[in-house]
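1. give me a model of this one.
(one chain, ligands or ions: 1)
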Amino acid sequence: VWAKVPQGPPDAILGITEAYKADSHPEKINLGVGAYRDDKGKPYVLPSVRSAEKKVVDAALNKEYAGITGVPEFTKAAARLAYGSDSPVIQEDRVAVTQSISGTGALRIGGAFLERFYPGGKTIYIPTPSWANHNAVFKDSGLRVEKYRYYNKDTIGLDFEGMVEDIKNMPKGSIVLLHACAHNPTGVDPTEDQWRSISDAVKEGGHYPFFDMAYQGFASGDTAKDAFALRHFISEGHRPCLAQSFAKNMGLYGERVGAFSIVCESTEEKKRIDSQIKILVRPLYSNPPVHGARIASEILNDSALNQQWLGEVKGMADRIIKMRALLKENLEKLGSKHDWSHITSQIGMFAYTGLTAEQMDKLAKEYSVYATKDGRISVAGITSDNVRRLAEAIYKVKG
Ligand code: LMR
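-> Okay, the predicted model is just below:
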């Protein structure tokens, strides 16, 4: 029956982990998937997550189904974290929110909702480059995917003029995907002033903004600051939708905790949208898993745990900043004549090194250093112990 099923390629990001695992080099380095490691290179369970999980277990809750849209204490708190407790959209109770299978699931629900109900063109514009999975998620949701300019490889920075020009030239009412903070894969974000102009351009085109916020807290170490773009758009009268992930900022990767929300005009509109989200989710996966959402809910709703968590997020962001500086320093010490200042000016979990696909191949084959072909490295995988070896490998490959 399956004789005609072709062999598919490995996943651009998760496939790297498979290659890394198959390598027997004792000092191999995995900078592929965006997953935080401590300074010993070990997976990190946040102490606030351990405490919250203990509270959840001690409460001996039952394992009944959550509602179709998930654990309400979690979804309400997730919306408050993103939009801000004092935001009019929260105060006026006009955000439709559903729990999702992490950020990917949130994007997929959003894509499916827009495909079914968005009255404009069913094309979503994503930045060049974007997270490797965006294209597939939206295509499989039934949307057409187009690109807008974002990254300027000559300046290793934002192509701000190109981005704004492309937004202005999109057909009226297009859907525009925006990385709310810590752009993946480049680590290059617009400044607050640039966000203001981007908001104007989106408004001028009558476009619909779709925010992907997978790294709230990871860009600046401050969750409110990282929500600037989303909150600014709302203050300008946009009514965006939003995908949130708690994989990175709570380290809940495998628990798959996320949320999808749509800012509505009124509570009445919210109720209608909510009803349709339920109709959409029910045949997809019926209702989401509860354990991770309960953990996140404890962290978001218990003020002591919340303070502790914010400190831990900042701690992760700070370690990454330190590793950026160390990598740059080591490359310079080795005598590299390239300008590596982008390593420290980029933010979030990733650095976009500017290395070519061939150079990345060489890093893997000759030095057992694994990262994605686009030259992205997960700085969260760098440690005080491996940074020197990493710098040497990059220096030998690129000079
Ligand atoms: C990444 O970009 O590495 C992460 O978002 C993990 C993933 O699912 O790709």
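
2. quick one: contacts for the residue in the stretch 201-350 of the chain that the ligand sits nearest to?
-> Of all residues in the stretch 201-350 of the chain, Ala214 sits closest to the ligand, with a separation of 6.2 Å (C-beta to the nearest ligand atom). All C-beta atoms are positioned from the backbone trio N, CA, C, and that covers glycine. By C-beta atoms under 8 Å, 6 or more residues apart in numbering, Ala214 lies in contact with 103, 131, 179, 182, 184, 243-245, 247-248.

3. in ChimeraX, select just the buried ones from these.
-> The buried residues among those can be selected in ChimeraX (16 or more other C-beta atoms under 10 Å) with this line:
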select :103,131,179,182,184,243,244,245,247,248
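
4. narrow the contacts of Ala214 to those in helices?
-> Within the contacts of Ala214, residues falling in helices by DSSP state H are Gly103.

5. closest to Gln194 out of the contacts of Ala214?
-> His179 (13.0 Å; C-beta to C-beta).

6. tell me the SS of the residue nearest to that closest one when sequence neighbours are not counted?
-> Nearest non-adjacent residue to His179, counting by C-beta to C-beta, 6 or more residues apart in numbering: Asp212, 5.6 Å away. Here Asp212 is recorded as strand under DSSP: H, G, I helix; E, B strand; the rest coil.

7. ok, Asp385 next?
-> Assignment for Asp385 (three-state DSSP): coil.

8. got it, and the one 10 residues further on?
-> Assigned by three-state DSSP, the conformation of Tyr395 is helix.

9. for the closest residue in space to it that isn't next to it in sequence, give me its contacts.
-> Among residues not flanking Tyr395 along the chain, Leu334 sits closest, at 4.5 Å (C-beta to C-beta, 6+ apart). Counting by C-beta under 8 Å, 6+ apart, Leu334 makes contact with 391-392, 395.

10. so what's the residue of the stretch 251-399 of the chain found nearest the ligand scoring on pLDDT?
-> For the stretch 251-399 of the chain and the ligand, the shortest gap (C-beta to the nearest ligand atom) falls at Ser378, measuring 6.5 Å. Note on Ser378: pLDDT of 96.

11. all numbers from here: first residue = 4
-> Okay, using 4 as the starting number, the last item reads as Ser381.

12. and the host helix or strand of Arg275, what does it pack against?
-> Using DSSP states H and E, Arg275 sits within helix 270-288. Counting contacts by 3 or more C-beta pairs under 8 Å, 6 or more residues apart in numbering; DSSP states H and E, helix 270-288 packs against strand 98-104, helix 105-120, strand 260-266.

13. which outside residues touch the next helix or strand after the longest one?
-> If you walk from helix 105-120 toward the C-terminus, the next helix or strand you reach (DSSP H and E) is strand 126-131. Contacting residues not belonging to strand 126-131 are listed as 114, 117, 137-138, 141, 146-154, 166, 169-170, 173-174, 177-182, 186, 213 [C-beta under 8 Å, 6+ apart].

14. show me those that map onto strands.
-> Among the contacts of strand 126-131, the members falling in strands (DSSP state E) are 147-152, 154, 178-182, 213.

15. quick one: which of the contacts of Leu337 has the most company?
-> Ala394 (22 neighbours; other C-beta atoms under 10 Å).

16. that one - nearest residue in space that isn't next to it in sequence?
-> Nearest non-adjacent residue to Ala394 (C-beta to C-beta, 6+ apart): Asn333, at 3.4 Å.

17. so that neighbour sits right up against Arg391, yeah?
-> Yes. Here Asn333 reaches Arg391: they are 5.5 Å apart, a contact under C-beta atoms under 8 Å.

18. neighbour count winner among the two?
-> Asn333 (19 against 15).

19. quick one: name whatever helix or strand follows the longest helix anywhere in the chain.
-> As assigned by DSSP H, the longest helix anywhere in the chain is helix 306-336. Next helix or strand after helix 306-336 toward the C-terminus (DSSP H and E): helix 344-348.

20. on that earlier part again, quick one: average confidence on the longest helix of the chain?
-> 96.

21. in that helix, what's buried?
-> In helix 306-336, counting by 16+ other C-beta under 10 Å, buried: 308-309, 311-313, 315-317, 319-320, 322-323, 326-327, 329-334.
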